[in-house]
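Student: The following comprises the amino acid sequence and a computationally predicted model.
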Amino acid sequence: MQIVELDVLLTKDNIPVVTHNPMLMPDTTRDEHGAWIGNDTLKISGFTYNDLHRFDVGGIRSGSNYAARYPEQAFLFGHAIPTLAEIATLCCRPAYQNTWLNIEIKSTPLHDGLTPPPAALAHHTLDVIQSHGLQNRVIVQSFDWRVLREVAAIAPDIPRSHLTYLDCAAPVMQPNIYANSPWMADAACTTVPTDLPTIIANMGGTVWSPFHENITPSDVAAAQALGLVVNAWTVNAPTDIDRMIDAGVDGIISDYPARVQRCLLQRGLSWHEDLTTPN
């Protein structure tokens, strides 16, 4: 199955837009005059969509750390942040009838006002999904399980994916799984959670999406025994892709899907039935 993973935030006028960070990124954002923006304090939720649409996010600033991380990314001109409705409309075309969307709703319980309330995020995102008739071709995921609780209340039949990132000595982002974590909604624990698949299954989750470095084959097997789908993120290096295939995960979220495809084909596997290993 082909699934496109994307991130959603809300504008000031409650338009769901497809972008990763709650703030505009100086290394990927130019104003209407082509100049790179000078600071990282411009919140997505602080702009109406019409105002947000004037920014060009098609390229990466040369020489930046971000450019070093993604050297293969093309530099494009005239590309604004799209709305979720635009992507949903594209998915309704006949050519994409077999394409699913894995929609991550970006939210945080730690910084008041950085992202809208979970109820608003869930409501407006689901409104787009349902108005385009995509209920049967989406998964909704979030690190903020409060959002998933709201999704369950509005549309209980839409699969929910619980993203997890464990605390560690040098985290690359904010962990959401720890004792008394506000990210875990009603599942907040007084001790460090050790049985995430059971917690997620008891919350009615469909998918567990752990960071790939946090899981072992036995973790994957335990989750699948509970009926959970396991989608590991963000798996970019070929060695990590191979390790996740060996672990038996159901899905791999990657910035480099072609790498995943090559690793699968080398093992006689694919996400399309009509794909075969070239001779």
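Tutor: Received the coordinates, thanks. Residues are numbered from 1 along each chain as shown.
Student: Which strand runs longest in the protein?
Tutor: For the chain, the strand reaching the highest residue count under DSSP state E is reported as strand 2-10.
Student: Against which helices or strands is whichever helix or strand comes after that one packed?
Tutor: Once the chain leaves strand 2-10, the next helix or strand it forms, by DSSP states H and E, is strand 16-18. Under the contact definition 3 or more C-beta pairs under 8 Å, 6 or more residues apart in numbering; DSSP states H and E, strand 16-18 sits against strand 2-10, helix 84-91, helix 118-131. Every residue, glycine included, has its C-beta placed from N, CA and C.
Student: Need the three-state assignment for the residue nearest to the spatial centre of the chain.
Tutor: With distances taken as C-alpha atoms, centre = their mean, E104 lies nearest the centre of the chain, 3.8 Å away. Secondary structure, DSSP: H, G, I helix; E, B strand; the rest coil: E104 is strand.
Student: Quick check: it touching E5?
Tutor: Yes: in terms of C-beta atoms under 8 Å, E104 counts as a neighbour of E5; the distance is 6.8 Å.
Student: list the contacts for the closest residue to T89 other than its chain neighbours?
Tutor: Closest residue in space to T89, ignoring its immediate chain neighbours: H132 at 6.7 Å, by C-beta to C-beta, 6 or more residues apart in numbering. By C-beta atoms under 8 Å, 6 or more residues apart in numbering, the residues touching H132 are A85, A88, T89, C91, C92.
Student: quick one: contacts for the fourth one?
Tutor: When contacts are counted by C-beta under 8 Å, 6+ apart, C91 is found next to T99, L101, H132, L134, R137.
Student: any idea how far it is from Q97?
Tutor: C91 sits 8 Å away from Q97, going by C-beta to C-beta, to the nearest Å.
Student: top of the contacts of C91 by neighbour count?
Tutor: Compared across the contacts of C91, L101 has the highest neighbour count, 22 neighbours, by other C-beta atoms under 10 Å.
Student: I'd guess that residue is in a helix, am I close?
Tutor: No: under three-state DSSP, L101 falls outside any helix and is assigned strand.
Student: Quick check: nearest residue in space to it, chain neighbours excluded?
Tutor: Per C-beta to C-beta, 6+ apart, closest to L101 is V138, 4.8 Å.
Student: Give me the pLDDT value at the one you found.
Tutor: Looking at V138, its pLDDT stands at 98.
Student: just the one 10 residues further on next, same as before
Tutor: pLDDT recorded at L148 is 98.
Student: For this protein, which residues score under the pLDDT cut-off?
Tutor: 1, 188, 272-279 (pLDDT under 70).
Student: those strands in it, which residues are they?
Tutor: Under DSSP E, the chain gives strands at 2-10, 16-18, 99-105, 138-142, 160-164, 207-210, 229-232, 251-252.
Student: Let me see the residues that make contact with the first one.
Tutor: This means strand 2-10. 16-20, 22, 44-45, 84, 87, 98-106, 115-116, 120-121, 124-125, 139, 251, 253, 271-272.
Student: could you redo the last one with a cut-off of 6 Å?
Tutor: 16-20, 44-45, 84, 99-106, 116, 124-125, 253, 271 (C-beta atoms under 6 Å, 6 or more residues apart in numbering).
Student: Which among those count as buried?
Tutor: 16-19, 44-45, 84, 100-106, 116, 124-125, 253 (16 or more other C-beta atoms under 10 Å).
Student: all helices for the stretch 51-200 of the chain, in order.
Tutor: 65-69, 84-91, 118-131, 145-154, 196-202 (DSSP state H, counting those that start in this stretch).
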